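S.K.: Could you work out the structure for the sequence below:
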Amino acid sequence: MHSSCHYRHQIGKDGRNCETSKIFQHSIVYTHMYSFLQMLDLILFIMILSMIILAFGTLSVAILEPRTPLDRHIVKNVIKRPYFQMYGELHLEEFESGKH
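M.R.: Numbers count the residues shown, from 1 in each chain. Take a look at the predicted model:
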């Protein structure tokens with residue numbers, strides 16, 4: 001879209017301010033680009049958070065259950081326990097009963 005404006009204060013052929021017209025021309029591109037960048041940031045955040053959860057879960061299961069053989073129960077606890085601890089669930093009833 002070619003504008004006949006040469007200065008910011010001029011009015012173009014369509015009756016709009018030239019500066020506003022230029023902003024609207026590029027706003028759709030920036031809106032799509034912004035949402036794409038937000039999605040990339042969200043994916044990066046989820047990847048970093050999952051690595052932290054897996055690292056904390058692996059260490060906590062290794063400390064709490066040192067001689068337990070690797071099975072489905074252990075792998076489930078590596079993911080489940082730190083995920084719920086992040087939201088404040090500490091699983092105190094498991095620790096009080098003695099079964100980790």
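S.K.: Please identify the helix or strand for Glu94.
M.R.: Assigned by DSSP states H and E, Glu94 falls within helix 92-97.
S.K.: quick one: the helices in this protein?
M.R.: Along the chain, counting by DSSP state H, helices occupy 18-64, 72-86, 92-97.
S.K.: Same list, those helices, but as a markdown table with mean pLDDT please.
M.R.: Below are these laid out as a markdown table (pLDDT from 0 to 100):
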| stretch | mean pLDDT |
| --- | --- |
| helix 18-64 | 83 |
| helix 72-86 | 91 |
| helix 92-97 | 80 |
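S.K.: Deepest-packed of those, please.
M.R.: helix 72-86 (a mean of 15; mean count of other C-beta atoms under 10 Å). Glycine gets a C-beta too; all of them are placed from N, C-alpha and C.
S.K.: Could you list the residues in contact with that helix?
M.R.: With C-beta atoms under 8 Å, 6 or more residues apart in numbering as the test, helix 72-86 has contacts from Ile53, Leu54, Phe56, Gly57, Thr58, Ser60, Val61, Glu65, Thr68, His91.
S.K.: Out of these, which two sit at the greatest distance?
M.R.: By the measure C-beta to C-beta, Ile53 and Thr68 form the most distant pair in the contacts of helix 72-86, at 19.8 Å.
S.K.: For the contacts of helix 72-86, could you give me a markdown table that also reports distance to Leu40?
M.R.: Formatted as a markdown table, those follow (distance: C-beta to C-beta, whole Å):
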| residue | distance to Leu40 |
| --- | --- |
| Ile53 | 20 |
| Leu54 | 21 |
| Phe56 | 25 |
| Gly57 | 26 |
| Thr58 | 27 |
| Ser60 | 31 |
| Val61 | 32 |
| Glu65 | 37 |
| Thr68 | 39 |
| His91 | 34 |
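S.K.: and of those, the nearest to Met33?
M.R.: Closest to Met33, out of all of those and judged by C-beta to C-beta, is Ile53, at 30.5 Å.
S.K.: Who's the closest spatial neighbour of that closest one, skipping the chain neighbours?
M.R.: Among residues not flanking Ile53 along the chain, Pro82 sits closest, at 4.8 Å (C-beta to C-beta, 6 or more residues apart in numbering).
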